[in-house]
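[1] just coords:
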């Protein structure tokens, strides 16, 4: 499950204030605030994870290019050596 889906569920859970009834009046507001905070934090987490994943992709692409460059150099050396 991704962070956006978790944030959506947290938002929906906090929106159901009318289901608390009279006994829930004592803690419904705190619950709704907790759900709102969870939704906010989860949304931030998703964005952070996305940026981290982009950085890892760039790192992998750079590594792959460096590996290809080194392989080409070794191939050229092998051809020059007559191997």
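    Structure received. Keep in mind that this is a model prediction, so the values were computed, not measured.

[2] who are the packing partners of the helix or strand in which residue 43 is found?
    According to DSSP states H and E, residue 43 maps onto helix 28-81. On a contact count with 3 or more Cβ pairs under 8 Å, 6 or more residues apart in numbering; DSSP states H and E, helix 28-81 meets helix 3-15. In this view, the C-beta of every residue, glycine as well, is placed from N, C-alpha and C.

[3] so where's the chain shaky on pLDDT?
    Scanning the chain for pLDDT under 70 picks out the ranges 1, 3, 7, 10-11, 13-21, 83.

[4] report the central residue of it.
    residue 49 (2.8 Å; Cα atoms, centre = their mean).

[5] measure that residue to residue 31 for me?
    26 Å (Cβ to Cβ, to the nearest Å).

[6] gap between the helix holding residue 43 and the chain center?
    Chain-centre distance of helix 28-81: 10 Å, with Cα atoms, centre = their mean, to the nearest Å.

[7] cool, stretch 75-83 as well?
    45 Å.

[8] report how many residues lie close to residue 39.
    Counted with other Cβ atoms under 10 Å, the neighbours of residue 39 add up to 19.

[9] ditto for residue 42
    Neighbour tally, residue 42, other Cβ under 10 Å: 20.

[10] could you do the one 10 residues further on as well?
    A total of 10 residues lie near residue 52 under the criterion other Cβ under 10 Å.
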